[in-house]
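K.L.:
here are the coordinates; sequence isn't available:
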């Protein structure tokens, strides 16, 4: 307390005398002695604001807020200063973005004329769009493109799968008519594990009829859905004993919302072949939202935050399967297959 009183008294005394240099030195000494001194950081930020040095004020405010966020506790007396810091930073960030965007517009660059990637960068800069990145929950593979959606024309196998849409839809409808018990809740709990914190746990609202599960064809599906299984052979599905291939009919009932979440891996892409799609259905991956169109594959990286919904009046059903990412080469795929097999073998012990 004595040390704090010393620097604080020195800074206040210098402020009352109008001695900016002495006030700056007292605060600087306090910060150098203890970089976690939130009070001194806030005081230095306030001094820089009085001197109209907003950039310096912002840097001290950011450090104060970051230090407070990592502190075990923050004295209540500092809360108003931290709130002022948040308000100041929000205002200056907005002013900076407005200035920059105004300069760019005068040069003929805006969201309407910029390339898609430049336009997205401007939205992130302006605070209009969060920054979404791959955040797989289990395994991260470095160096891959941060791309939420992959376009259909990137893959030469896509036309062969899409050409089978009518036949696959017919198999789905027959399955619903004659073997509806094939559909069960997608989100289920294991008896020896804590249940997942998911509002769709054990609910049929998000239903799954498995074609491939845990690396093997689901019992009887060779007879019930031969066209779907044949179409899947065109896709570069991972083959990992006990894990992949993975494929299913995924059904969302009206009013169902799959909450934002991240997939387990960024080494794969998820493919949706839309079979039955009512109006008012959508899929958001990262910052981009798309709608399903029957017979046209949607391909995306589910390690980005994503969510899906059916706000229509009838079921939405797709064929869901996974493929290797195209930017992972054959040697890496083989090594990753061994890694995932090793992970699974440990989990079985």
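P.N.:
Received, thanks. Note that the structure is a prediction, hence the values are computed from the model and not measured. Numbering: from 1, shown residues only.
K.L.:
Strands of this structure, start to end?
P.N.:
Here the chain has its strands, by DSSP state E, at 149-150, 184-185, 206-213, 216-217, 247-252, 257-261, 268-276, 281-285, 288-290, 298-300, 306-310, 316-324.
K.L.:
Can you give me the buried ones in stretch 123-133?
P.N.:
Within stretch 123-133, the residues that count as buried by 16 or more other CB atoms under 10 Å are 123, 126, 129, 132. Just so you know, the C-beta spots here come from the backbone N, C-alpha and C atoms, and that holds for glycine as well.
K.L.:
Assess the claim that the second one and residue 102 are in contact.
P.N.:
Read that as residue 126. No - using CB atoms under 8 Å, residue 126 is not in contact with residue 102, being 11.1 Å away.
K.L.:
before we move on, back to that, so which of the buried residues of stretch 123-133 belong to helices?
P.N.:
Among the buried residues of stretch 123-133, the members falling in helices are residue 123 (criterion: DSSP state H).
K.L.:
could you dump the buried residues of stretch 123-133 to a markdown table with pLDDT and distance to residue 318?
P.N.:
What follows is the buried residues of stretch 123-133, written out as a markdown table (pLDDT from 0 to 100; distance: CB to CB, whole Å):
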| residue | pLDDT | distance to residue 318 |
| --- | --- | --- |
| 123 | 79 | 29 |
| 126 | 74 | 34 |
| 129 | 83 | 27 |
| 132 | 92 | 22 |
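K.L.:
so which of the buried residues of stretch 123-133 would you say is closest to residue 44?
P.N.:
The closest of the buried residues of stretch 123-133 to residue 44 turns out to be residue 126 (CB to CB; 28.1 Å).
K.L.:
Roughly how far does that closest one sit from residue 95?
P.N.:
11 Å (CB to CB, to the nearest Å).
K.L.:
for the protein, which spans come out with low pLDDT?
P.N.:
1-5, 111-112, 192-193, 347-349 (pLDDT under 70).
K.L.:
For it, just list every one of the helices.
P.N.:
2-17, 20-33, 38-50, 54-70, 79-106, 116-125, 158-162, 165-178, 221-224, 226-232, 330-347.
K.L.:
of all the ones you listed, which gets the most neighbours per residue?
P.N.:
Mean neighbours per residue, mean count of other CB atoms under 10 Å, is largest over the helices of the chain for helix 38-50, with a mean of 22.
K.L.:
Show me the contact partners of that helix.
P.N.:
Contact with helix 38-50 is made by 4, 7-8, 11, 15, 20, 23-24, 27-28, 30-31, 34, 54, 56-58, 60-61, 63-64, 67-68, 71, 74, 78, 81-82, 84-85, 88, as judged by CB atoms under 8 Å, 6 or more residues apart in numbering.
K.L.:
do that again at 7 Å, thanks
P.N.:
Applying CB atoms under 7 Å, 6 or more residues apart in numbering, the external contacts of helix 38-50 come out as 7, 11, 23-24, 27, 30-31, 56-57, 60-61, 63-64, 67-68, 74, 78, 81, 85.
K.L.:
same question, stretch 309-323
P.N.:
Here stretch 309-323 has contacts from 168, 172, 228, 232, 235-238, 244, 246-258, 268-282, 292, using CB under 7 Å, 6+ apart.
K.L.:
Many thanks, have a good one.
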